[in-house]
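# Mind folding the following:
(one chain, ligands or ions: 1)
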Amino acid sequence: MGIRLGANHYGKAETRVFRIVRDTARHVVRDLNVSTSLWGDFADAHVAGDQAHVLPTDTQKNTVFAFAKQPGIGSPEEFGLLLARHFVDDVAPVARAEVRVEEFTWERIDDHDHGFRRRGPEVRTCTATVGDGGAEVVSGVRDLVVLKSTGSEFAGFLVDGFTTLAPTRDRVLATSLTARWTHETADRADWDASYAAARDALLERFTAVHSLALQQSLWEMGRAVLSGDDRIASVDLVAPNIHHIGVDLAPFGLENPGEVFHVTDRPYGLIEVTVERDGEGG
Ligand SMILES: O=c1[nH]c(=O)c2[nH]c(=O)[nH]c2[nH]1
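Residues are numbered from 1 along each chain as shown. Here you go, the predicted model:
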């Protein structure tokens, strides 16, 4: 039985680039973590030690810095597409490029011109892919930590011989959300506005929906993103359930009507769902 080289790709992971636009006294900053991956005719690098087709990962890093200067960073999506298109169009052996961008968002302190504070822990994400099939962009957010102190219940679930969980009509609902949404087209110019609208829709629905389960909240959140932007095709949501367990204070002669909780970090429920269009409108 022979041995052959299977799938392979390579790139530079996590180039941290910070760009200041300082044309006026009111600075604008963009803080990115950029990872590039290239697919193409790289067999000889593996099987013959021939680097003729290999664009060094060091060069890929340099390209990120050079493009951050010129033309600059319009948005994570625009920047990712620019880099991916460059690698495919201008570097002959490259057939496909994937650029993953994370953005750490800085907000102005008291509307200051050059004083900022990190908005976190949430991170804006995007993956721009360019290849034979054209360009695809997936935008998203990770580590969006949200909590409701009421307006959440979990009852009526299947009970078997191992069930000990008591149904509840009032509990804390908390999660650290990862959401990724796939755009119908890479050909759009409103990336920042589209991101802000999707993020707002997720937060608004998480808050406003009276939750019967995290599953139902996620469905409503995903639906809202699709309803608000007809150029988004589907939304993937990953939500660990950060359990807040009411502490029994009876041994101390105290009541605990939903006031004191133990926050557990594991094990945790992990709810994952894709919300997509059904091709029949709506
Ligand atoms: O929103 C929830 N969904 C579940 O599937 C589940 N399972 C569980 O034990 N608690 C919860 N909460």
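# Return the residues of the chain in contact with the ligand.
In this structure, the chain approaches the ligand at residues Phe154, Leu165, Ala213, Leu214, Gln215, Asn241, Gly269, judged by C-beta under 6 Å from any ligand atom. The C-beta positions use only the backbone N, C-alpha and C, and glycine is treated the same way.
# Now render the residues you listed as JSON lines, adding pLDDT.
Listed next are those as JSON lines, based on pLDDT from 0 to 100:
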{"residue": "Phe154", "pLDDT": "98"}
{"residue": "Leu165", "pLDDT": "97"}
{"residue": "Ala213", "pLDDT": "98"}
{"residue": "Leu214", "pLDDT": "98"}
{"residue": "Gln215", "pLDDT": "98"}
{"residue": "Asn241", "pLDDT": "97"}
{"residue": "Gly269", "pLDDT": "97"}
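# For the lengthiest helix in the chain, buried residues please.
Ranked by number of residues, the top helix in the chain under DSSP state H is helix 191-208. Of the residues in helix 191-208, those scored as buried under the neighbour-count criterion (16 or more other C-beta atoms under 10 Å) are Trp191, Ser194, Tyr195, Ala197, Ala198, Arg199, Ala201, Leu202, Leu203, Arg205, Phe206.
# Check stretch 105-115 too.
Judged by neighbour count using 16+ other C-beta under 10 Å, the buried positions of stretch 105-115 are Thr105, Trp106.
# Helix or strand: which one has Val137?
In this assignment (DSSP states H and E), Val137 forms part of strand 134-148.
# by how many degrees do that strand and helix 191-208 diverge?
Computed by axes from the mean of the first three to the mean of the last three C-alpha atoms, to 10 degrees, the angle separating strand 134-148 from helix 191-208 equals 30 degrees.
# Can you check what angle separates the helix or strand just after strand 134-148 from helix 191-208?
Past strand 134-148, further along toward the C-terminus, the next helix or strand under DSSP H and E is strand 173-183. Direction vectors for strand 173-183 and helix 191-208, defined by the same axes, to 10 degrees, enclose an angle of 150 degrees.
# which other helices and strands contact strand 173-183?
For strand 173-183, the helices and strands in contact under the criterion 3 or more C-beta pairs under 8 Å, 6 or more residues apart in numbering; DSSP states H and E are strand 134-148, helix 191-208, helix 214-228, strand 232-241.
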